[in-house]
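K.L.:
Structure of the sequence below:
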Amino acid sequence: MKYTDVANVLNVSKSMLYKLTGELIDEGCIEKEKNCITILDEEKLKKYYEEYQY
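P.N.:
Below you'll find the predicted structure:
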């Protein structure tokens, strides 16, 4: 999926998706490579998502 498609699915702007992706990388939740995002810590990612919703 392209960043635009992912942003649309998540209902956020493309710039917000870039910001969130950067934060998730900094937090050690994900790792980003060319055309691939790997989840490194699923529990931490879920917690981050729950906190972001509120």
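K.L.:
Centre-most residue in the protein?
P.N.:
Closest residue to the average C-alpha location of the chain: residue 21 at 4.1 Å, with C-alpha atoms, centre = their mean.
K.L.:
Mind listing residues that contact the host helix or strand of residue 23?
P.N.:
Taking DSSP states H and E as the criterion, residue 23 maps to helix 14-26. With C-beta atoms under 8 Å, 6 or more residues apart in numbering as the test, helix 14-26 has contacts from 3-4, 6-7, 10, 12, 30-32, 37, 45, 48, 52. Heads up, the C-betas are built off the backbone N, CA and C, glycines and all.
K.L.:
are any of those residues buried, and which?
P.N.:
Applying 16 or more other C-beta atoms under 10 Å to those, the neighbour count classes 7, 30, 45, 48 as buried.
K.L.:
residues contacting the second one?
P.N.:
Read it as residue 30. By C-beta under 8 Å, 6+ apart, the contact list for residue 30 reads 21, 24, 37-40, 45.
K.L.:
All set, thanks.
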